[in-house]
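In: Build me a model from this:
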Amino acid sequence: MTMFSRAGSITPRESVSLLPAYSAGKPPQPADGLTPYKLSSNENPLGPVPAVTQALAEIDTLHRYPNPTAEGLRTGLAGLLEVPVEDIVAGTGSLGALTQIINAFAGSNSDGSQDEVIYAWRSFEAYPIVVRTAGARDVTVPVMADGRHDLEAMLAAITERTKVILLCTPNNPTGPALSHSEVEDFLAKAPSDVVVVLDEAYQEFVRSDDRLDALSLYRTHPNVVVLRTFSKAHGLAALRVGYSIASQQITQHLRVVAAPFGVSTLAEAAALASLEHLDQVHERVDSLVAERGRVSAALHQAGWTIPESQGNFVWLPLGERSQDFAAQAGVQALAVRAFAGEGVRVTIGEVEANDRFIELCRTYRFRD
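Out: Sure thing, here's the model as predicted:
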């Protein structure tokens, strides 16, 4: 028997070693006399509706595998959204559903070439990780000064290798939402064989004029995928449940790459209970939208120039001062999300947390 001896450490494949690390929002640090608040992960501070807790308490099948395709949830969504159940594919949060899309439609090819995925930047931090893990090449298009997608530049970036385009609306972390008319115009100009993903993780919080009707675009454009989650408005972030909606010429391929049992029994039951009490979900969202408006108005009054956020957060374009601001927030027992050299994203949280954040913005001075 031949024995092999290799020196050195065990290393991953090259593409893995080059991946950027995902940096989750950190918890707040305690400070004397102050209640700590986490405003760094865009979580819903109000939590899920009471019916979710009851639904979870009634589950006695933890020793059984969940439904492989979350059929109950998909059926409930199909009835609510008036779409065929076959057009819905569930995933572990919208990120899990997005991973299915990229794995199915973009990667590396047998001739050594790479498919391309276009998205705005800065946008959702997981985009480059998902794209590069699949072996595809990401093509980033800078957002404009007001934090909005530069759709014309994104169209100009399309090549024969473009397979997927990601439109994050509202955009995380900058906040602006795309209008229906501009997305409709974008789709009319983009090649019909390129998959266009409308990432709507925060769509329940949008209150802008000409609001995007993503479902109508999915019905008229077979290359459109709508991406949604229960993590934000429904307050189910810990249970990881999301879904995509697309034509069956797309979903048939998503099911091939989807991990079986991706949505747990707990997650499915919680999501269904939340859907059955949408009036309460909407009340919670409305209160957070009102707080967003109050916070934004206070920041404008204090002299800040910030993008018009349509999510459950605001963006401070602080550039090189971002880490300094986050550090000063930490002294106030507030955890915020700093993107070094770019800006700070702050979740709309509890009223006391928002008040403390507003006061920090009023008194903030950069420390050299």
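
In: Quick check: buried residues in stretch 259-275?
Out: With burial defined by 16 or more other C-beta atoms under 10 Å, the residues of stretch 259-275 counted as buried are 262-275. Glycine gets a C-beta too; all of them are placed from N, C-alpha and C.

In: Strands of the stretch 151-300 of the chain, start to end?
Out: Ranges of strands in the stretch 151-300 of the chain, per DSSP state E, counting those that start in this stretch, are 162-168, 195-199, 224-229, 242-245.

In: Could you export those as TSV, including distance to residue 139 and mean pLDDT?
Out: Rendered in TSV, the data for these read as follows (distance: least, C-beta to C-beta, whole Å; pLDDT from 0 to 100):
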stretch	distance to residue 139	mean pLDDT
strand 162-168	7	98
strand 195-199	14	98
strand 224-229	18	98
strand 242-245	22	98
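
In: Need those strands in CSV (columns: mean neighbour count and distance to residue 322).
Out: Below are the strands of the stretch 151-300 of the chain laid out as CSV (neighbours: other C-beta atoms under 10 Å; distance: least, C-beta to C-beta, whole Å):
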stretch, mean neighbour count, distance to residue 322
strand 162-168, 24, 20
strand 195-199, 25, 24
strand 224-229, 25, 26
strand 242-245, 26, 29
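
In: Those: which one's closest to residue 129?
Out: When the strands of the stretch 151-300 of the chain are ranked by proximity to residue 129, the top entry is strand 162-168, at 12.8 Å, counting by C-beta to C-beta.

In: And the helices in the stretch 51-200 of the chain?
Out: The residue ranges that make up the helices of the stretch 51-200 of the chain, judged by DSSP state H, counting those that start in this stretch, are 71-81, 93-105, 127-133, 151-156, 180-189.

In: Comparing these, which comes out most buried?
Out: Neighbour counts averaged per stretch over the helices of the stretch 51-200 of the chain are highest for helix 93-105, at a mean of 24; criterion: mean count of other C-beta atoms under 10 Å.

In: Now do it, average pLDDT.
Out: Over the span of helix 93-105, the pLDDT mean works out to 97.

In: could we number from 6 for the rest of this?
Out: Okay, using 6 as the starting number, the last item reads as helix 98-110.

In: so which of the strands of the stretch 156-305 of the chain gets nearest residue 96?
Out: Scanning the strands of the stretch 156-305 of the chain with C-beta to C-beta as the criterion, the closest one proves to be strand 247-250, at 5.3 Å.

In: for that closest one, packing partners?
Out: Judged by 3 or more C-beta pairs under 8 Å, 6 or more residues apart in numbering; DSSP states H and E, strand 247-250 is in contact with helix 76-86, strand 93-96, helix 98-110, strand 229-234.

In: what lines up beside it in the sheet?
Out: Strand 247-250 has the following strand partners under DSSP bridges: strand 93-96 (antiparallel), strand 229-234 (antiparallel).

In: quick revisit: possible to save the helices of the stretch 56-205 of the chain as a markdown table with distance to residue 218?
Out: Conversion of the helices of the stretch 56-205 of the chain to a markdown table gives the following (distance: least, C-beta to C-beta, whole Å):
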| stretch | distance to residue 218 |
| --- | --- |
| helix 76-86 | 12 |
| helix 98-110 | 18 |
| helix 132-138 | 24 |
| helix 156-161 | 17 |
| helix 185-194 | 5 |
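
In: of all those, which lies closest to residue 125?
Out: Taking the helices of the stretch 56-205 of the chain one by one with C-beta to C-beta, helix 156-161 is closest: 6.9 Å.

In: then the closest one to CSV, C-alphas only?
Out: What follows is helix 156-161, C-alpha atoms only, in CSV (Å, rounded to 0.1, in the frame of the first residue of the first chain):
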residue,chain,number,x,y,z
LEU,A,156,-30.7,51.4,-13.0
GLU,A,157,-29.3,52.9,-16.2
ALA,A,158,-25.7,51.9,-15.1
MET,A,159,-27.0,48.4,-14.2
LEU,A,160,-28.5,48.0,-17.7
ALA,A,161,-25.2,49.2,-19.2
